[in-house]
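# Sharing a model that was predicted from the sequence below.
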Amino acid sequence: MRHFPWFTRLGVVLAALAGLGLAGCQKQSAMPQAGGPAQVSVVTIETERVVLTTELPGRTSAYLVAEIRPRVSGLLLERKFREGAFVQAGELLYQIDPVPYQTAYDQAMAAQSTAEANLVLAEATLPATRSRAERLKELAAIKAVGQQDSDDANAALRQAMANIEVCRKAVDSARVAVEAARIQLSYTPIQAPISGRIGISNITVGGLVTAYQPVPLAVIQQLDPIYVDVTQASNELLRLRRNLENGLLKHGASQNKVKLILEDGSIYAREGALQFRDVTVDPTTGSFTLRLVFPNPRQELLPGMFVRAVVEEGINETALLVPQQGVSRDPKGNPVAWLVDATGKVEQRVLELDRPLGDKWLVKKGLAPGDRVIMEGTQKPRPGAPVQAVPYAGPASAGARPPAVAPEQ
């Protein structure tokens, strides 16, 4: 093998290193220079049609409530219903011992018969008394009888007519007594005044009840439909009226339609309607009551349940919505958004927000249609710094499937 001197081998190595360095310089010169504008993702703000709603807390209450109380006193003989059952209006619920009231009714009927018989007798004697008085008056005129006999006959006639009037009043009084006794007797069976669900019975068979006692025998509640009473702050009502007057909101076709959120967070299947707003504000809470009516055929809603009603306020045809991701807070806690202006530079805006709608904010002031809000791409933007804006593609995760799109109607 032929051997080269050491300095020859050293020259070959240096030549190879020089070739590698030249190739690296050429490759580096072919790469683009770094340090251009930062790239940010933006969303363009556009007007939208939004139906504004508000959630109001409240409780359910029965549509009709009837407290069953006796209108006569006596012993309770029977209870005709099953506790918790549905009863119809007019259905027999309790039976009070009717014997004392039947006896009083029979006595009143007898007294009426006596009074009517006395009236018939008095009216039967009147024609003869009148005829005798008229005859004696004619005889007294020709001096055939004494004047005293004529006067006595006239007095007897007046007495008979007065007796008839007394008998007529006695008959009227007897008829009133009969009607009162009949009414008292009719109160001994206690019937349901309304249809609905009846609760527990506060008395058992054999108990003594008194007329119009303070404790009801039972309570019937009509639950279909059912009321929902919710409260709303008076300042919210003033704000709503002001927005409607200024044209910021307008009434929708379903203005009086109301949805209901139950205690477990589920949505009640049926829509209700706004019946009325109370005209009095509670001075202790500064709120007033709204009464809603909901159909309740399956009686899923029971009186006293806590619910939240979703009431439609109105429709904003030119609403401005910004994703919550694009809104931050300054050191004072004010909401701010970072935008890219027409010249491609960063701009900061202070916003006035109305309410959250899903994952967006409803903006009252601070944004205009066409504004580009920065969603991501820079941690600490500087006002006036140039940036390169690209459309925001939305949140995505590796391996995640694209969201499903509802079919067009």
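The structure has been received and is ready for your questions. Numbers count the residues shown, from 1 in each chain.

# Could you double-check that residue 261 lies in contact with residue 267?
Yes - applying CB atoms under 8 Å as the test, residue 261 and residue 267 come out as touching, 6.2 Å apart. For glycine as for every other residue, the C-beta is placed from the backbone atoms N, C-alpha and C.

# For the stretch 1-150 of the chain, which segments count as helices?
6-30, 99-141, 147-186 (DSSP state H, counting those that start in this stretch).

# in the last one, what counts as buried?
For helix 147-186, a neighbour-count test (16 or more other CB atoms under 10 Å) marks 150, 153-154, 156-157, 160, 163-164, 167-168, 170-171, 174-175, 177-178, 181, 184-185 as buried.

# Break the chain into its domains for me.
47-62+221-391, 70-96+190-215, 98-187 (automatic domain parsing).

# count of neighbours near residue 73?
Counted with other CB atoms under 10 Å, the neighbours of residue 73 add up to 16.

# err, residue 317, not the other one
Residue 317: 13 neighbours (other CB under 10 Å).

# got the contact list for residue 300?
Contacts of residue 300 were listed using CB atoms under 8 Å, 6 or more residues apart in numbering, and they are residue 268.

# From residue 264, how far out is it?
Residue 300 is 11 Å from residue 264, where distance means CB to CB, to the nearest Å.

# residue closest to the middle of the protein?
residue 292 (2.4 Å; CA atoms, centre = their mean).

# Okay, and the closest residue to that residue other than its chain neighbours sits in which element?
Excluding its sequence neighbours, the residue lying closest to residue 292 (CB to CB, 6 or more residues apart in numbering) is residue 228, at 4.2 Å. Secondary-structure assignment from DSSP states H and E places residue 228 in strand 218-233.

# and that strand, how far from the chain's centre?
8 Å (CA atoms, centre = their mean, to the nearest Å).

# Just the buried positions in that strand, please.
Neighbour-count burial for strand 218-233 [16+ other CB under 10 Å]: 218-232.

# And for stretch 211-218?
216, 217, 218.

# Quick one: end-to-end distance for that stretch.
Distance between the two ends of stretch 211-218: 15 Å, counting by CA to CA, to the nearest Å.

# Any chance you could list what contacts that stretch?
67-73, 81, 83, 93-94, 190, 198-203, 209.

# Filter those down to the buried ones, ChimeraX style.
Selecting only the buried entries of the contacts of stretch 211-218 in ChimeraX, with 16+ other CB under 10 Å as the criterion:
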select :68,69,70,72,73,81,93,94,190,198,201,203,209
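
# where in this structure is pLDDT low?
Where the chain drops to pLDDT under 70, the residues are 1-35, 237, 239-256, 378, 395-409.

# May I ask you to name the longest strand in the chain?
Assignment by DSSP state E gives strand 47-68 as the longest strand of the chain.

# quick check: angle from that strand to strand 218-233?
With axes from the mean of the first three to the mean of the last three CA atoms, to 10 degrees defining the directions, strand 47-68 sits at 150 degrees from strand 218-233.

# Just the buried positions in strand 47-68, please.
50, 52, 53, 56, 58, 60, 61, 62, 63, 66, 68.

# Direction included, what does it pair against?
Neighbouring strands of strand 47-68 in its sheet, by DSSP bridges, are strand 218-233 (antiparallel), strand 306-323 (antiparallel).

# Restricting to C-alpha, output stretch 284-292 in PDB.
Taking Å, rounded to 0.1, in the frame of the first residue of the first chain, the C-alpha atoms of stretch 284-292 are listed here in PDB:
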ATOM      1  CA  THR A 284     -89.100  44.900  50.000                       C
ATOM      2  CA  THR A 285     -87.700  43.200  46.900                       C
ATOM      3  CA  GLY A 286     -88.300  45.700  44.100                       C
ATOM      4  CA  SER A 287     -89.900  43.000  41.900                       C
ATOM      5  CA  PHE A 288     -93.400  42.200  40.700                       C
ATOM      6  CA  THR A 289     -95.200  38.900  39.800                       C
ATOM      7  CA  LEU A 290     -95.900  37.500  36.400                       C
ATOM      8  CA  ARG A 291     -98.500  34.800  36.100                       C
ATOM      9  CA  LEU A 292     -98.100  32.100  33.500                       C
END
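
# Tell me which residues are up against it.
Outside stretch 284-292, the residues touching it (CB under 8 Å, 6+ apart) are 56, 58, 227-235, 237, 258, 260, 272-282, 309, 311.

# Return the residues in contact with residue 150.
133, 136, 137, 139, 140.

# now do 7 Å
136, 137, 140 (CB atoms under 7 Å, 6 or more residues apart in numbering).

# State the number of residues packed around the first one.
The one in question is residue 136. By other CB under 10 Å, neighbour count at residue 136 equals 22.

# hang on, it packs against residue 147?
No - assessed by CB atoms under 7 Å, residue 136 is found out of contact with residue 147, at 9.4 Å.
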